[in-house]
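Colleague: Build me a model:
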Amino acid sequence: MAKHAGGRPPTGKYDIKTMIAAVDYYVEKSPYPILKELCLKQGWDYDYVCDISSKDTELSKSIKRLHAKREVVLEQGVMVGKFPVPFVIFRLKQPVHGWTDKPPEDKSSITINYIPEIAGLINNPAPNRAVE
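Modeller: Residues are numbered from 1 along each chain as shown. Coordinates of the predicted model:
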């Protein structure tokens, strides 16, 4: 797709009011709304849509409704056995939700260098030693 200086796609098809109407119509009519599918159907640049939706409250609300409907469809589908659980878990972990399989990073102040020293104190406590 041709882009203007600064990476912005050509305007015209990115009229916010028209986009909101298209998103809302798609959410109403689609049994399983997917933002990337809508972007493909409309000829929109997905990354650009995400960028402008982060700056426009009304477009952002429309896109959030799209994601909310998708979540509802997934949850209902799992409950009635329409979708396999691993598929739904995978779909819900998509970046829009910020979910990940990675464990949280340990932010404790105890580093691996102190473990032998701590283990030694636990195994051989000094009698009447004051806590530092």
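
Colleague: contacts, neighbours, all on C-alpha from now
Modeller: OK.

Colleague: distance of Pro86 from Leu74?
Modeller: According to CA to CA, to the nearest Å, Pro86 and Leu74 sit 11 Å apart.

Colleague: Mind checking which of these two has more residues around it?
Modeller: Using other CA atoms under 10 Å, the more surrounded residue of Pro86 and Leu74 is Leu74, with 21 against 10.

Colleague: Just give the nearest non-adjacent residue to that one, would you?
Modeller: Val88 (6.1 Å; CA to CA, 6 or more residues apart in numbering).

Colleague: which other helices and strands contact whatever helix or strand that neighbour lives in?
Modeller: In this assignment (DSSP states H and E), Val88 forms part of helix 85-92. In terms of contacts (3 or more CA pairs under 8 Å, 6 or more residues apart in numbering; DSSP states H and E), helix 85-92 is packed against helix 57-79.

Colleague: which of the residues in the helix it packs on are buried?
Modeller: 59-60, 62-63, 65-67, 69-71, 73-75, 78 (16 or more other CA atoms under 10 Å).

Colleague: List the buried residues for the helix holding Val88?
Modeller: Val88, Arg91, Leu92.

Colleague: Could I get the residues you listed in JSON lines, plus columns for pLDDT?
Modeller: Below are these laid out as JSON lines (pLDDT from 0 to 100):
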{"residue": "Val88", "pLDDT": "79"}
{"residue": "Arg91", "pLDDT": "76"}
{"residue": "Leu92", "pLDDT": "75"}
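
Colleague: Brilliant, that's me finished.
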